[in-house]
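A.B. asks: Based on what follows, work out the 3D shape:
(one chain, ligands or ions: 1)
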Amino acid sequence: MKQRNTQQKLAIERAFRISKRPLTASEVHALAVQDLPALGIRTVFRRLSEWVKAGRLVRVDYPGKPPLYEVVAGKHHPHFICRICQKVYDLDMEAVDVPVINPPDGFIIDGQETIFYGSCPQCYQRLS
Ligand SMILES: [Zn+2]
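C.D. replies: Model prediction:
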């Protein structure tokens, strides 16, 4: 049991290491089964939520998209979404300055995300 847990952990960690971008649970699963064919999607979901609770991963929710899981990085940074393949990438830049805003009465703002859209290098090459 202990060995199986270790193999699962390593396979999931590898998925994040080789992809170097935020991943959905299905994407993690698709990569991790290359190492560990018996790994089930439910185990992946369970691990990911354990790691979010433990502070190892951050869960990023965008409207209309499945939750993304991202390895905790030092700083808050913008994301990039490819309009063609829908993959999400980290942009290695400082968070964009947010203007001071006055929300309408009764609204409490507790978060902010900056998303840039375009095409990733792979999709751009396929198109041109
Ligand atoms: Zn793309």
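
A.B. asks: Just the pLDDT for the residue located most distally from the centre of the chain.
C.D. replies: Here the centre of the chain is the reference, and by Cα atoms, centre = their mean the most remote residue is Asp105, at 32.9 Å. On pLDDT, Asp105 comes in at 94.

A.B. asks: Contacts only, for it.
C.D. replies: Asp105 sits next to no residue when contact means Cβ atoms under 8 Å, 6 or more residues apart in numbering. Using the backbone N, CA and C atoms, a C-beta is placed for each residue, glycine as well.

A.B. asks: do Val44 as well
C.D. replies: If you count contacts by Cβ under 8 Å, 6+ apart, Val44 has them with 12, 25, 28-29, 32.

A.B. asks: Filter these down to the ones in helices?
C.D. replies: 12, 25, 28-29, 32 (DSSP state H).

A.B. asks: Counting neighbours, what do you get for Ala11?
C.D. replies: Ala11 sits with 22 neighbouring residues when counted by other Cβ atoms under 10 Å.

A.B. asks: Contacts only, for it.
C.D. replies: By Cβ under 8 Å, 6+ apart, Ala11 lies in contact with 32-33, 35-36, 39.

A.B. asks: Kindly write the PyMOL command that selects the buried subset of those residues.
C.D. replies: Command for PyMOL that selects the buried part of the contacts of Ala11, burial taken from 16 or more other Cβ atoms under 10 Å:
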select buried, resi 32+33+36+39
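
A.B. asks: Including pLDDT, could the contacts of Ala11 go into JSON lines?
C.D. replies: Shown next, in JSON lines, are the contacts of Ala11 (pLDDT from 0 to 100):
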{"residue": "Ala32", "pLDDT": "97"}
{"residue": "Val33", "pLDDT": "96"}
{"residue": "Asp35", "pLDDT": "91"}
{"residue": "Leu36", "pLDDT": "94"}
{"residue": "Leu39", "pLDDT": "94"}
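
A.B. asks: With Tyr89 as the reference, measure out to Gln34.
C.D. replies: Per Cβ to Cβ, to the nearest Å, Gln34 is found 21 Å from Tyr89.
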